[in-house]
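*Asks:* make a model of this:
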Amino acid sequence: MIVGIDAGSSYTKVVFLKNKKIEKFFVFPTSIDYEERIRKILPPNILKIGITGYCRRMLAEKLKGKSINEIKALSVGAKFLAPSIKTLIDLGGQDCKIIKLKEDGFSDFIMNDRCAAGTGKFLEMVASRLGIKPDKLSDLSERADKDITISSMCAVFAESEIISLLARGEKPENIAKASLNSIADRISSLAKGLGITHPLGFSGGGALNKGLANLLSEKLNVQLLVLPNPQFIGAIGAAITAETT
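*Replies:* Reported below is the predicted structural model:
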């Protein structure tokens, strides 16, 4: 059994691979007890452990695993699940990465990690302000009846803007759509800055948002391929890399 762990800023993802097939996967918040939760689910018959994400170095030392760069892990995981894709958008809790892929890894990448306005945390903030779970944001946005704009480039100011809109009686549906449009603008601008080679894949927890995926397809003028189990791409890539190195 090969184990892949992606200890992200918001969630920890764990996959078990056997003969390059996913046997099991787990996801839970990266909270104070995340290391203990990982240890409880690790099987006894581990051959290798690959670890990526923000906590990779510390975990690799404690679990006697291999620390793997996030961009490398995402590239390998994406190519494993969708060999044809040439560019990957990965939207995580704390950053957004655009990666140009090649057969054995990546050739270039760009990352937004300085402001939460272009990350999954922004989606969580919006959902919280609207009183819904993040996975309901897309459905809510589909019921919008007019277009409004959230213009703030900073997540803190954007939150204040949302509070003001709610205070003025703006419908949550319209705010949801405006929020998705705002983050889609930031991601598509980042992608265009690096340059896109088709086909284009979408991964990370943000890829679970159907409305965001549709907006990105529209703004980038390309059909976006949402990878299967998109939040586990890094963990899968970490497992495969650990097995082959």
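*Asks:* partners of the helix or strand harbouring residue 88 in the sheet?
*Replies:* Following DSSP states H and E, the helix or strand that holds residue 88 is strand 87-91. According to DSSP bridges, strand 87-91 forms sheet pairs with strand 96-102 (antiparallel), strand 200-203 (parallel).
*Asks:* what about the next helix or strand after the shortest one, average pLDDT?
*Replies:* Under the assignment DSSP H and E, the closest C-terminal helix or strand after strand 200-203 is helix 210-220. Confidence for helix 210-220, expressed as mean pLDDT, is 95.
*Asks:* which parts of helix 210-220 are buried?
*Replies:* Within helix 210-220, the residues that count as buried by 16 or more other Cβ atoms under 10 Å are 210, 211, 212, 213, 214, 215, 216, 217, 219, 220. C-betas here are computed from N, CA, C, even on glycine.
*Asks:* just checking, next helix/strand downstream of it?
*Replies:* Taking DSSP H and E, what comes next after helix 210-220 is strand 224-226.
*Asks:* just the buried positions in the helix or strand following that next one, please.
*Replies:* The C-terminal neighbour of strand 224-226 among helices and strands, as given by DSSP H and E, is helix 233-244. By neighbour count on 16+ other Cβ under 10 Å, the buried set for helix 233-244 is 233, 234, 235, 236, 237, 238, 239, 240, 241, 242, 243.
*Asks:* measure how helix 233-244 sits relative to strand 87-91, angle-wise.
*Replies:* 120 degrees (axes from the mean of the first three to the mean of the last three Cα atoms, to 10 degrees).
*Asks:* please shift the residue numbers so they start at 71 in all later answers.
*Replies:* Sounds good: first residue 71 from here, last item helix 303-314.
*Asks:* which elements pack onto helix 303-314?
*Replies:* With contacts taken as 3 or more Cβ pairs under 8 Å, 6 or more residues apart in numbering; DSSP states H and E, helix 303-314 sits against strand 72-77, strand 81-88, strand 118-123, strand 136-137, helix 140-151.
*Asks:* return it as PDB; C-alpha atoms alone will do.
*Replies:* Extracted in PDB, the C-alpha atoms of helix 303-314 (Å, rounded to 0.1, in the frame of the first residue of the first chain):
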ATOM      1  CA  ILE A 303      -5.000  15.500  -6.900                       C
ATOM      2  CA  GLY A 304      -2.000  16.500  -4.700                       C
ATOM      3  CA  ALA A 305      -2.300  13.500  -2.400                       C
ATOM      4  CA  ILE A 306      -2.500  11.200  -5.400                       C
ATOM      5  CA  GLY A 307       0.600  12.800  -7.000                       C
ATOM      6  CA  ALA A 308       2.500  12.600  -3.700                       C
ATOM      7  CA  ALA A 309       1.700   8.800  -3.500                       C
ATOM      8  CA  ILE A 310       2.800   8.100  -7.100                       C
ATOM      9  CA  THR A 311       6.000  10.200  -6.700                       C
ATOM     10  CA  ALA A 312       6.900   8.400  -3.500                       C
ATOM     11  CA  GLU A 313       6.400   5.000  -5.100                       C
ATOM     12  CA  THR A 314       8.600   5.900  -8.200                       C
END
